[in-house]
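> build the 3D model from these lines:
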Amino acid sequence: MMARMGAHLAREGIRPAAWQEARKGRSGGIGHNAILFAWLGQEAGVAAARAGYDVVMCPAQHAYLDMAHTGQRDDWGAFGVGNTDLEETVGWNPVPEGAEDIARRIIGVQGNFWSEFTTDDDHLWPMLMPRLLGVATSAWSRQGVLDGPGLRTLADGYRASMDGFWRWNHAA
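Residues are numbered from 1 along each chain as shown. The predicted model follows:
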């Protein structure tokens, strides 16, 4: 089905995009110049890139903003599947060490937020910020320029203009 859908979209002049699982299947997966979103870890993204796909890196352990910030039971977020702290969000390289050969195939970074556990705006912003800035830093900055504490300091500069949109309860 993925191969048929990819072919249909390609005929219509649309470049298909799908989660990394779309490259599987007895017909060879989606193909047709598709973009794949690698969420199950960077290794899957590297493998897809080496198979000829362009990849958007969004590994859950670094870029899923709906996960709890800490391993503490009272932290808000999808605690049952893991936690992603600011250091993990800002401290990863979308092109992993040893995979420099596929750098041109890593065409982007995405921060994901699945909202099924978020029932109140007061829960949304503390989960997004400042980790959303961490995802942006990983995508657009030279690696190693900013770490978690440095990003928290930088984010404090935005606090006054964003006050009311989020609580900074995870800034410590």
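> now residue 94: closest residue in space that isn't a chain neighbour?
residue 57 (4.4 Å; Cβ to Cβ, 6 or more residues apart in numbering). Every C-beta, even on glycine, is put in place using the N, C-alpha and C of the backbone.
> and residue 90, how many neighbours?
25 (other Cβ atoms under 10 Å).
> per-residue pLDDT, it?
At residue 90, the model reports a pLDDT of 83.
> quick one on the thing from earlier: verify the stated contact: the residue nearest to residue 94 with residue 46.
No. Using Cβ atoms under 8 Å, residue 57 is not in contact with residue 46, being 9.3 Å away.
> so where does residue 44 fall, helix or strand?
Assigned by DSSP states H and E, residue 44 belongs to helix 42-50.
> next one: the helix or strand following that helix to chain centre, how far?
For helix 42-50, the following helix or strand on the C-terminal side (DSSP H and E) is strand 54-57. In terms of Cα atoms, centre = their mean, to the nearest Å, the centre of strand 54-57 is found 10 Å from the chain centre.
> how much space between residue 14 and residue 64?
Per Cβ to Cβ, to the nearest Å, residue 14 is found 27 Å from residue 64.
> with neighbour numbers in mind, choose between these two.
A direct count of neighbours by other Cβ under 10 Å for residue 14 and residue 64 places residue 64 higher, at 24 against 11.
> for the closest residue in space to the more buried one that isn't next to it in sequence, list the residues it contacts.
Of all residues not flanking residue 64 in the chain, residue 112 sits nearest, at 5.1 Å (Cβ to Cβ, 6+ apart). Residues near residue 112 by Cβ atoms under 8 Å, 6 or more residues apart in numbering: 39, 58, 60, 63, 64, 65, 66.
> ditto for residue 75
68, 69, 83.
> can you do 6 Å?
Residue 75 makes contacts with 68, 69, as judged by Cβ atoms under 6 Å, 6 or more residues apart in numbering.
> quickly note the distance from the spatially closest residue to residue 145 that is not a sequence neighbour to residue 153.
Of all residues not flanking residue 145 in the chain, residue 137 sits nearest, at 7.8 Å (Cβ to Cβ, 6+ apart). Using Cβ to Cβ, one obtains 12 Å as the distance from residue 137 to residue 153.
> neighbour count for those two, which is higher?
Higher neighbour count among residue 137 and residue 153: residue 137, with 22 against 11, using other Cβ under 10 Å.
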